[in-house]
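# Below is the sequence, then the predicted model.
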Amino acid sequence: MKLFLLLFFIGSNIVFAQTSKLDYNNLNHLFFNNKHKQIEEDFKNKHSIKKAVILSGLIPGSGQIYNHIAMPKGKKKGFWKVPLIYSGLGVSSYFLITNQITQKSLKNEYIARQNGDLGNIEWADLQNTDQVLTLYNQYIGWRDLSIVAATLVYILQLTDAGVEAHFVNFDISKDLSLSINPTILNYQNAGIQLSINFN
């Protein structure tokens, strides 16, 4: 009888140890899966649209780089936009500076001719003072267009950073599908059937 109780006690401990080990493994597996999902959710929540726009506002193109780093695998990256942004800003800034310098030179030329001076040799081929004034107004217009172009590039890159930040966590899995098929309505009229699948 004592031997039977001893075997029963040892057997129940082995069974209890195995079940507790299995439960521990299941709990461990569930814990790490939940922890992994929580980390993913935290990462998604940390990616801020506001931060992307502010970064692009402070340093043009930095919002695109911020979005690029957060973009998951399989999605198109936005880092290639940074050279385009700086090209647009660089070209518009170049024309802004050259047009500003030229209009100042023409303004000084006009003032010098009004005072009876010979003026700058650079504008010697302009014999008429009205020609100097017309050219001055033309360069003022070009300078203003350069300011508009630089502002548009700046605003466009801000908008792009905000829009792209919206799509960082956007689901592009194959479970989402859209299909358009021809159909017949009421057995008489031809029509189009639109099906959206969210699996």
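Happy to help now that I have it.
# show me the contacts for residue 126.
Each residue near residue 126 by Cβ atoms under 8 Å, 6 or more residues apart in numbering is listed here: 109, 132, 135. (Each C-beta comes from the backbone N, C-alpha and C, glycine too.)
# mind listing the strands for this protein?
176-185, 189-198 (DSSP state E).
# got the contact list for stretch 47-67?
Outside stretch 47-67, the residues touching it (Cβ under 8 Å, 6+ apart) are 70, 78-79, 81-82, 85-86, 89, 154, 157-158, 160-162, 164-166, 168-169.
# at 6 Å what do you get?
Under the criterion Cβ atoms under 6 Å, 6 or more residues apart in numbering, residues 70, 78, 81, 82, 85, 157, 158, 161, 162, 164, 165, 168 lie in contact with stretch 47-67.
# Any buried residues in that stretch, and which?
47, 49, 51-56, 60-67 (16 or more other Cβ atoms under 10 Å).
# Also stretch 132-148?
Of the residues in stretch 132-148, those buried by neighbour count under the rule 16+ other Cβ under 10 Å are 132, 133, 135, 136, 139, 140, 142, 143, 146, 147.
# Show the average pLDDT along that stretch.
Stretch 132-148 shows a mean pLDDT of 94.
# which non-adjacent residue is nearest residue 110?
Using Cβ to Cβ, 6 or more residues apart in numbering and skipping the chain neighbours, the partner closest in space to residue 110 is residue 132 (4.8 Å).
# what about that neighbour, distance to residue 56?
Computed with Cβ to Cβ, to the nearest Å, the distance linking residue 132 and residue 56 is 41 Å.
# Repeat that for residue 66.
For residue 66, the distance to residue 56 - Cβ to Cβ - is 8 Å.
# I'd like the contacts of residue 126 laid out as CSV, including distance to residue 183.
Below are the contacts of residue 126 laid out as CSV (distance: Cβ to Cβ, whole Å):
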residue, distance to residue 183
109, 74
132, 72
135, 66
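# returning to what we had before: could you redo the contacts of stretch 47-67 as CSV and give each row pLDDT?
Below are those laid out as CSV (pLDDT from 0 to 100):
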residue, pLDDT
70, 83
78, 75
81, 90
82, 92
85, 95
157, 95
158, 94
161, 92
162, 91
164, 88
165, 86
168, 79
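# Compare the residues you listed and tell me which is most surrounded.
In terms of neighbour count, residue 161 stands highest of the contacts of stretch 47-67 at 28 neighbours, by other Cβ atoms under 10 Å.
# mind listing what that one touches?
52, 53, 56, 63, 64.
# what do you get if the cut-off is 8 Å, keeping everything else the same?
Residue 161 neighbours (Cβ under 8 Å, 6+ apart): 52, 53, 55, 56, 63, 64, 66, 67.
# try residue 159
Applying Cβ under 8 Å, 6+ apart, no residues qualify as near residue 159.
# Can you pull out the low-pLDDT segments for the chain?
Regions of the chain meeting the criterion pLDDT under 70 cover residues 1-45, 74-75, 170-179, 194-199.
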